[in-house]
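Undergrad: how does the following fold in three dimensions:
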Amino acid sequence: MCFDFHPKDANFYLAGTEEGHIHKCSCSCSEQFLETYRGHKGPVYKVAWNPFSTDTFLSCSADWSIILWHQDSQTPMLTFTSIPAFVHDIMWSPKSTFVFAAVNESRVEIWDLSVSTLNPVTSCLAKPGAKFTSVLFAKTTDCLLAGDTQGEVSVFELHNLAAPPSDKVRFTGRRSCSSEARMLGCYFVPQKGVSANKY
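TA: Sure thing, here's the model as predicted:
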């Protein structure tokens, strides 16, 4: 279903399966798995190594959960569940060991493990009729991109992303760009009390 190469040693990679298992594999050893991690009860949609703490990785699944793993243990370190919905994608922040984003069918979430392991620090709902399917942190600016089932990409501007635990991460805007709008430009989707501006 998915795979991710180790950030420091490209000889190793993780592979998520439809059965809910995650296999640690080696490019130089194709005969067998190095490890098998069993924690999910549904298909694994995404696995992601932590770019800073490279012994740990996240996985997300159709079983509504996100799991934090240490590569040396087959027992999950932490399991996160916010709402009963498939978790389609996850990504670690390029700025923090503790921050990651996730998208389930109805919303995009930012988790900060230095603040809470029980709830995301902030979330934003998908627009009516759409379901989020993918998420990506921008590398050169404080933005989060989320793709949905209607073929649109929402761009969220983030503030206080790598701030101390006392500060909250918050969404300040949402810009949406569909395939039809690419040549015309992207338009700001207004929130309450905010006027629409071209982006």
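
Undergrad: low-confidence stretches in this structure?
TA: For the chain, applying pLDDT under 70 flags the ranges 161-199.

Undergrad: can you pull out the helices in this structure?
TA: For the chain, no helices are identified by DSSP state H.

Undergrad: need the residue closest to the centroid of it.
TA: Ile90 (1.8 Å; Cα atoms, centre = their mean).

Undergrad: which residues touch it?
TA: 46, 48, 58-60, 66, 100-103, 135 (Cβ atoms under 8 Å, 6 or more residues apart in numbering). Quick note: C-beta positions are derived from backbone N, CA and C, even for glycine.

Undergrad: what about 7 Å?
TA: Residues near Ile90 by Cβ atoms under 7 Å, 6 or more residues apart in numbering: 46, 48, 58, 60, 66, 100-102.

Undergrad: strands - which of those land there?
TA: 46, 48, 58, 60, 66, 100-102 (DSSP state E).

Undergrad: and the residues you listed, which is closest to Trp111?
TA: Proximity of the ones in strands among the contacts of Ile90 to Trp111 (Cβ to Cβ) peaks at Phe100, which lies at 5.4 Å.

Undergrad: the nearest residue to that closest one once chain neighbours are set aside: neighbouring residues, count only.
TA: Counting by Cβ to Cβ, 6 or more residues apart in numbering, Trp92 is the residue found nearest to Phe100 once chain neighbours are left out, at 4.9 Å. Other residues within reach of Trp92, judged by other Cβ atoms under 10 Å, total 22.

Undergrad: same check on His23?
TA: 18.

Undergrad: for it, list the residues it contacts.
TA: Taking Cβ under 7 Å, 6+ apart, we find His23 in contact with 15, 17, 33, 36.

Undergrad: the third one and Tyr13, how far apart?
TA: Phe33 sits 11 Å away from Tyr13 when distances are taken as Cβ to Cβ, to the nearest Å.

Undergrad: these two: which is more packed in?
TA: Tyr13 (17 against 14).

Undergrad: surely the more buried one meets Ile22?
TA: No - with contact defined as Cβ atoms under 7 Å, Tyr13 does not count as touching Ile22 (10.7 Å).

Undergrad: the residue nearest to the centre of the chain pairs with what?
TA: Judged by DSSP bridges, the bridge partners of Ile90 are Ala102.

Undergrad: that older thread, among the ones in strands among the contacts of Ile90, which one is most surrounded by other residues?
TA: Cys60 (27 neighbours).

Undergrad: residue contacts, that residue?
TA: Per Cβ under 7 Å, 6+ apart, neighbours of Cys60: 45-46, 66, 87, 89-90, 102.

Undergrad: closest one of those residues to Val121?
TA: Ala102 (11.8 Å).

Undergrad: could the ones in strands among the contacts of Ile90 go into a markdown table alongside distance to Asp142?
TA: Converted to a markdown table, those look like this (distance: Cβ to Cβ, whole Å):
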| residue | distance to Asp142 |
| --- | --- |
| Lys46 | 22 |
| Ala48 | 19 |
| Leu58 | 21 |
| Cys60 | 23 |
| Ile66 | 22 |
| Phe100 | 15 |
| Ala101 | 12 |
| Ala102 | 18 |
